[in-house]
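1. let's see this in three dimensions:
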Amino acid sequence: MGNLACLALAILLAVVPLASGQSDEPLHPAFVDETLRDPFLTPVKSQISGPLDEPIERDWDRDFQTNPYVPGSPAAVFAEDEDCTSTEPVAPRRSPIMDSGVTATWLAPVEGFGISDVDVRTTLLFPLLVKGSPLRLSMSAGTTFVNAPAVIDVPNRLYGIQAELRWYIPLKETWGIDLGAGGGVYSDLNGTASEGFRVTGRAILVKDLNAQWKVSAGVLYLGRKNLLAMPIAGAIYTPRDDFRVEILIPRPRVLKRIAVNGAREHWIYAGGEVFGGNTWAIQQTSGLQDTFIYKDNRVLVGYETKGPGIVSGRIEAGYVFMRKVSFSSDPTTLDPGGTVMLRAGITY
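-> Next up, the predicted model:
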């Protein structure tokens, strides 16, 4: 029955994201996945999202009035005339569904070992008493495809199903705290769901130093076999609207906007991803209950197109190195060797 419920949730998440939604500020990828644009790890693929470059949900503030459009700001949506010049602001759509999307990641097989995944996700908003700061319920479902030589006894398909409640609480004018708690199942669903259940959480304090600098510090609880918890700290430096430096672990990046067409923006970026990977509860062919652990680090370049109230998309290419494969029942670590990565995603 538990497996059927998990599969039903996965099917629901695969259908709902593309049916309706709202493009706010898409989230950043942290590890293998991606929830698109989150500087910290998010519960999807054992990651927890961070608030540094995410605006307060103004769509839930009925007293909020949109300002003239400024490229890079997701707060206003505009009607455009024939020459693509932004004219009068249009009230943003109020929808309880946002940040819905699909992401696919492919790592080229090396030495007989390859790992790739597809994830779908969506977020529901619930208005609370704090104006402009709704409670978010983020849900995701993903499938990881594993090609492995005979010496690596692991199923060829692994699953991750997760939900997280998140609340960003404004504290005074320039302070805020991002709280989150959730849980998920990461396993082959072959009678291993209970072993693959993990609790995640976070508490991150955010401070706007000035118009150019934002800093954040806190703690993340991941529940992974190889990484239960970790402190987190970072900063975002935005000297101008078309350039940003994210000094963040696990995903530092440098971004440059290369074009603006009406409300749509085009960005290129380069960066890295550290502490990547995940853990899954599995049942080996011998019947042994075990935990499969995969981790890696990455450098990449990417292109992204986005805008308020429209479909956003991105494509990335990179090199994956320091890859490690291990099992909780065996201290031996396998090193598959470096490989190339391609990743693409859409968000609405």
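2. so where do the helices sit in the stretch 151-300 of the chain?
-> Assigned by DSSP state H, counting those that start in this stretch, the helices in the stretch 151-300 of the chain number zero.
3. now the strands for the stretch 101-250 of the chain?
-> Secondary structure of the stretch 101-250 of the chain (DSSP state E, counting those that start in this stretch): strands at 114-126, 135-147, 157-171, 175-187, 197-208, 213-224, 227-240, 243-248.
4. which one of these lies nearest to residue 300?
-> strand 243-248 (13.4 Å; CB to CB). Backbone N, C-alpha and C define where each C-beta goes, glycine included.
5. now the strands of the stretch 101-250 of the chain as TSV including distance to residue 283 and mean neighbour count?
-> Formatted as TSV, these follow (distance: least, CB to CB, whole Å; neighbours: other CB atoms under 10 Å):
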stretch	distance to residue 283	mean neighbour count
strand 114-126	18	21
strand 135-147	14	21
strand 157-171	11	20
strand 175-187	9	21
strand 197-208	15	19
strand 213-224	19	19
strand 227-240	23	15
strand 243-248	37	18
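6. dump these into CSV; add distance to residue 291 as well.
-> What follows is the strands of the stretch 101-250 of the chain, written out as CSV (distance: least, CB to CB, whole Å):
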stretch, distance to residue 291
strand 114-126, 16
strand 135-147, 14
strand 157-171, 11
strand 175-187, 9
strand 197-208, 11
strand 213-224, 10
strand 227-240, 13
strand 243-248, 28
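7. relative to residue 337, which of those strands is closest?
-> The nearest among the strands of the stretch 101-250 of the chain, by CB to CB, is strand 114-126 at 11.3 Å.
8. for the stretch 1-150 of the chain, give me the ranges with low pLDDT.
-> Low-confidence segments of the stretch 1-150 of the chain, defined by pLDDT under 70: 1-95, 128-132.
9. and if you look at the stretch 201-348 of the chain?
-> In the stretch 201-348 of the chain (pLDDT under 70), no residue qualifies.
10. identify the bridge partners of residue 124.
-> Residues in a beta bridge with residue 124, per DSSP bridges, are residue 97, residue 137.
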